[in-house]
Each structure stands twice: as structure tokens, then as C-alpha cells.
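Peer 1: Fold the stuff below for me.
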Amino acid sequence: MRGLTFPDAVLQIEGISPVPITTAVAAIQQASSNARLELPEPYETSNRAITYLCKRGISRDIIDFCLNSGRLYESRMHHNAIFVGFDQQGTPRYAAIRGTTNTRYMGEAPGSDKRYSFAIPAEDSSPELHLFESAIDLLSYCTLAAISGKDWRQSHQLSLAGIYAPKERKEEHIAPAALTQYLQTYPQVDRLVLHLDNDEPGRLSAAAIRQLLSPVLSISDEPPKNGKDVNEELMNCLARRKERIR
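Peer 2: Predicted structure coming up:
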């Protein structure tokens, strides 16, 4: 109503945080603006990345959507799966790297800007945003939605590129950079659904986000019901379906 940005609005709410959130975001922006994203060179096919994601239970339709939209590809060196995040102009600004072999390698491309982490925006305007720790969890949720007959493109999906580590003191919490940026880009979002891991770090992160943003967003905390993370929940769901078929 006062024409404030999302971080400024949070800052104006009494008792939420004495830390100037806009200053924190500006510092991140300054640090990121000087770095150039170095995307790994793509391989001519993405067969290994596809095979890896299928083994993790991800729907082939969702994999194809990510491939066709440039959000996913396979690197020439090491044949890693590369998950790309874009800014509002469609320019790649972030890349998460996930090993497709037994090494379980996880990393980020040099110059990655965490404000633009891997995400799948809603196909149409939507007030709902689902939040995850990783791209794999995000795609797992989309697969679970498809299994249950839901249209997974009807809401926003955003990964945090890893666990969000809140400050030790509650009054020093600031929102994750990727979440703050996304809410600025899509100001119509007024409902946040948390799908962070069902372990101590995930629960602490969820509690911190709720404590910080619940005055300005409707927040629902929905950790995995059957597993540590959303991908484990998906794999358990597929295993149960397979048993029923037998």
C-alpha cells in the first residue's frame, strides 16, 4: 500500500528484524554483479543426466520440460547434470552442478548468483510459491503432483540451492536471497509453502523463515511425510505403487 519493496515492507514490521534487509540484499547484489557466470560446456546429448534423474524417480515429461526450456543440460566434462537459473530477462545467472555417477558430487558454476537459483515459474499468474532446498527436491515435488493428477505448472517452484542457514539469534534473521528476489519479481505471491528437509537443519530453517515472513505471507510448513527429503518421499511413493501393481 505504501509502495515499498518486499524487503522494505518486512523491515517496517515492528519486532521482526533490526537488520536492514535491503542493505543485506544490496551487498549480495554488489558482490554478484561483479561475477560472470561460467556455465560448463554442454555435451551433445543429455542422456546420462536423463538416466540419472529417471533413477531418482523424476517424471520424463518434467525432465523434457527442463531440457527444452534450457533449465537442464549435461556437461561435456564429467557428464554432470546442470540446473540453470535465470533472471527476469531470461539470462542465465546461476547453475547448480550435480554428479550423475556414484560420486554424488554437488557444486555451483563459478560466478553463480544465488538470487537466481533454479526455479520453475507458474504458467499463469499464481499467488502460491513452493520452496525447496534443491533442484532435485523441486522436480520430485512436481513429479508427485503429476502422479496425484495435479497441474504442477499452476504454482511457482523455487529451490534455495542448498540449506538456508539462519542466524543464531532470531532477531538477526534475514530472508534467503533467492526467496527475496523471487518475491520481488512476482509480487502477486502471497502464499508460501515450505518443503524443506525433515531433519534438524531443515526444521530450523523452516522455523526461521516462518518467524521472519509470516507477518507478510501466508506460510504453510509441509515437510516430507515419508522420508528425509522430497526426493526420498517420491521414491517411497513409487515403491508403494510398484508393490500395489504386483
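Peer 1: Could you pull out the buried residues of stretch 194-202?
Peer 2: For stretch 194-202, burial by neighbour count (16 or more other CB atoms under 10 Å) applies to L194, H195, L196, D197, N198, G202. Backbone N, C-alpha and C define where each C-beta goes, glycine included.
Peer 1: Stretch 138-146 now?
Peer 2: For stretch 138-146, the neighbour count (16+ other CB under 10 Å) marks L138, L139, S140, Y141, C142, T143, L144, A145 as buried.
Peer 1: and what of stretch 150-159?
Peer 2: Neighbour-count burial for stretch 150-159 [16+ other CB under 10 Å]: W152, R153, S155, H156, Q157, L158, S159.
Peer 1: residues in contact with the residue nearest the centre of the chain?
Peer 2: By CA atoms, centre = their mean, the chain has its centre lying nearest to S159, at 0.5 Å. Counting by CB atoms under 8 Å, 6 or more residues apart in numbering, S159 touches 83, 96, 117-119, 131-135, 137-138, 178.
Peer 1: Contact partners for the nearest residue to T51 once chain neighbours are set aside?
Peer 2: Nearest non-adjacent residue to T51, counting by CB to CB, 6 or more residues apart in numbering: T100, 7.4 Å away. If you count contacts by CB under 8 Å, 6+ apart, T100 has them with R48, A49, T51, Y52, E74, H79, N80, A81.
Peer 1: Which of the contacts of S159 fall within helices?
Peer 2: Among the contacts of S159, the residues falling in helices (DSSP state H) are A135, D137, L138, A178.
Peer 1: Correct me if wrong: the last one contacts S112.
Peer 2: By that I understand A178. No - using CB atoms under 8 Å, A178 is not in contact with S112, being 10.9 Å away.
Peer 1: Check the spacing between A178 and Y52 real quick.
Peer 2: 24 Å (CB to CB, to the nearest Å).
Peer 1: number of nearby residues for S220?
Peer 2: S220: 13 surrounding residues under other CB atoms under 10 Å.
Peer 1: ok so, going back, which one of the buried residues of stretch 194-202 sits closest to P40?
Peer 2: Nearest to P40 among those: D197, at 26.6 Å, using CB to CB.
Peer 1: Give me the secondary structure label for that closest one.
Peer 2: Secondary structure, DSSP: H, G, I helix; E, B strand; the rest coil: D197 is coil.
Peer 1: if I pick the nearest residue to it once chain neighbours are set aside, what's in contact with it?
Peer 2: Leaving out its chain neighbours, the residue that sits closest to D197 by CB to CB, 6+ apart is D229, at 4.7 Å. With contacts defined as CB under 8 Å, 6+ apart, the neighbours of D229 are E133, S134, D137, S140, D197, N198, G202.
Peer 1: Give me the phi and psi angles of D229.
Peer 2: Taking degrees, to the nearest 10, you get phi -130, psi 180 for the backbone angles of D229.
Peer 1: and it, how far is that from L129?
Peer 2: Using CB to CB, D229 is found at 19 Å from L129.
Peer 1: Could you pull up the mean pLDDT of stretch 153-164?
Peer 2: Per-region confidence: stretch 153-164 scores 88 on mean pLDDT.
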